[in-house]
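Visitor: Here is my input, please return the structure:
(3 chains)
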Amino acid sequence: MTHKAKKIVIITEKLIVEKVTKLIEQCGATGYTIFSAGGKGSRGVRSEERGGVSEAYANIKIEVIVTNEELAHEIINKVTEKYFSNYSGITYIENVEIVRPQKF
Amino acid sequence: MTHKAKKIVIITEKLIVEKVTKLIEQCGATGYTIFSAGGKGSRGVRSEERGGVSEAYANIKIEVIVTNEELAHEIINKVTEKYFSNYSGITYIENVEIVRPQKF
Amino acid sequence: MTHKAKKIVIITEKLIVEKVTKLIEQCGATGYTIFSAGGKGSRGVRSEERGGVSEAYANIKIEVIVTNEELAHEIINKVTEKYFSNYSGITYIENVEIVRPQKF
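Guide: Numbering: from 1, shown residues only, chains lettered A, B, ... in the order given. Alright, predicted model coming up:
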């Protein structure tokens, strides 16, 4: 049996990963997953164009699963307000079905 | 034209990636994709905190797309039962729209 | 407040990442994110089986967010027609909720 939950995705500069994950935890999320990423956004070329795809990626994708929809919105709003004026980044929410909701 | 399908996501310790992908194939899935990951879960700090974000990630994300919803549930249930008492991990299902359903 | 959008995911060989991202931009998308990946598909073993999970991954995952559903379908159809006869790859679409739609 599965339970509905929300996955928050934040793609931003690696530079601020610790600040962003601290904010996520302060909001009350119990965990997150981090991936290295490259790409290109509306502000222009990001990481992988600077050194080829195989080089160190300068962006990061953070994924957070929460069972509370309000918390999902709180996290994306706070990250957007606090960081996306000064750092490039995008954030979005997806619907997921989880098992073991007590883990989140 | 697109077709509805399910994406299974498993985030767990890199240590057991071969066992988990073998189980996925035994269930009947035709393929999977693997990503290196770091993060923090309800059991405490995972990989990237041990050596900084830029170091080797000790977690793995496995994605599997199946056209059969029952198979999706079978896979997440089997992975959870078999591995998540002894290894840290989460698993969830997302809705996706695919092209070329014969590939899955 | 969030807005509905589509996330396109393309998983294919790293070899053609520049061609695929150029095609994505020509279609009118404003950005994309790239991740290294390994895996196994319906055409047989991909990257990580050739050298162990910890070695260089020979696949790539490209994610693109667009607010226009027709554009999402145009991109996955063009990528499939142009590249997936000669290169291994899959593509699918997911629903997402974004903030700041003017960024996409």
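Visitor: what's the neighbour count on the residue nearest to A:Thr12 when sequence neighbours are not counted?
Guide: With sequence-adjacent residues excluded and distances taken as Cβ to Cβ, 6 or more residues apart in numbering or on different chains, A:Thr12 is closest to A:Gly89, at 3.3 Å. (Each C-beta comes from the backbone N, C-alpha and C, glycine too.) Neighbour count of A:Gly89, defined by other Cβ atoms under 10 Å in any protein chain shown: 22.
Visitor: Show me the helices in chain A, by range?
Guide: A:17-27, A:48-51, A:69-83 (DSSP state H).
Visitor: anything in stretch A:29-44 near chain B?
Guide: Yes. Using Cβ under 8 Å from any Cβ of the partner chain, stretch A:29-44 reaches chain B at A:30-36.
Visitor: Pick the one among those residues closest to C:Ala72.
Guide: Set against C:Ala72, the nearest of those by Cβ to Cβ is A:Phe35 (22.2 Å).
Visitor: Mind pulling up the pLDDT for that closest one?
Guide: If you check A:Phe35, the pLDDT there is 95.
Visitor: A:Ala72 now?
Guide: Note for A:Ala72: predicted pLDDT of 97.
Visitor: what do you get for A:Ala56?
Guide: Reading off the model, A:Ala56 has pLDDT 48.
Visitor: ditto for A:Gln26
Guide: 96.
Visitor: again, but for A:Gly39
Guide: Predicted confidence (pLDDT) at A:Gly39: the value is 89.
Visitor: and the closest residue to it other than its chain neighbours, what does it touch?
Guide: Take A:Gly39 and drop its neighbours on the chain: the residue closest to it by Cβ to Cβ, 6+ apart is C:Thr33, 3.8 Å away. Contacts for C:Thr33 (Cβ atoms under 8 Å, 6 or more residues apart in numbering or on different chains) come out as A:11, A:37-39, A:59, A:61, C:62-64.
Visitor: let's see it at 6 Å
Guide: Neighbouring residues of C:Thr33 by Cβ atoms under 6 Å, 6 or more residues apart in numbering or on different chains: A:11, A:37, A:39, C:63.
Visitor: Pick the one among those residues closest to B:Glu94.
Guide: Distance to B:Glu94, by Cβ to Cβ, is smallest for C:Glu63 among those, at 13.1 Å.
Visitor: With B:Ile76 as the reference, name the closest of the helices of chain A.
Guide: Closest among these, using Cβ to Cβ: helix A:69-83, at 21.2 Å.
Visitor: And the contacts of that closest one?
Guide: Residues outside helix A:69-83 that contact it (Cβ under 6 Å, 6+ apart): A:6, A:8, A:10, A:16, A:24, A:27, A:66, A:91, A:93, C:99.
Visitor: what's the angle between it and helix A:17-27?
Guide: 140 degrees (axes from the mean of the first three to the mean of the last three Cα atoms, to 10 degrees).
Visitor: If you count neighbours, what's buried in helix A:69-83?
Guide: By neighbour count on 16 or more other Cβ atoms under 10 Å in any protein chain shown, the buried set for helix A:69-83 is A:71-76, A:79-80, A:83.
Visitor: Stretch A:92-104 too?
Guide: A:92-100, A:103-104.
Visitor: now the strands for chain A?
Guide: Ranges of strands within chain A are A:3-13, A:32-41, A:44-45, A:59-66, A:89-98, based on DSSP state E.
Visitor: Turn the ones you listed into TSV, columns for distance to C:Val20.
Guide: Listed next are these as TSV, based on distance: least, Cβ to Cβ, whole Å:
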stretch	distance to C:Val20
strand A:3-13	18
strand A:32-41	12
strand A:44-45	16
strand A:59-66	18
strand A:89-98	20
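Visitor: any idea which of the ones you listed scores lowest on pLDDT?
Guide: strand A:44-45 (a mean of 56).
Visitor: that older thread, the strands of chain A: which one's closest to B:Val20?
Guide: Closest of the strands of chain A to B:Val20 is strand A:32-41, at 15.7 Å (criterion: Cβ to Cβ).
Visitor: List the beta-bridge partners for A:Lys61.
Guide: A:Ile11, A:Phe35 (DSSP bridges).
Visitor: follow-up on the earlier one: farthest pair in the contacts of helix A:69-83?
Guide: Spanning the widest gap among the contacts of helix A:69-83 are A:Lys6 and A:Ile16, at 22.2 Å by Cβ to Cβ.
Visitor: Sweet, I'm off.
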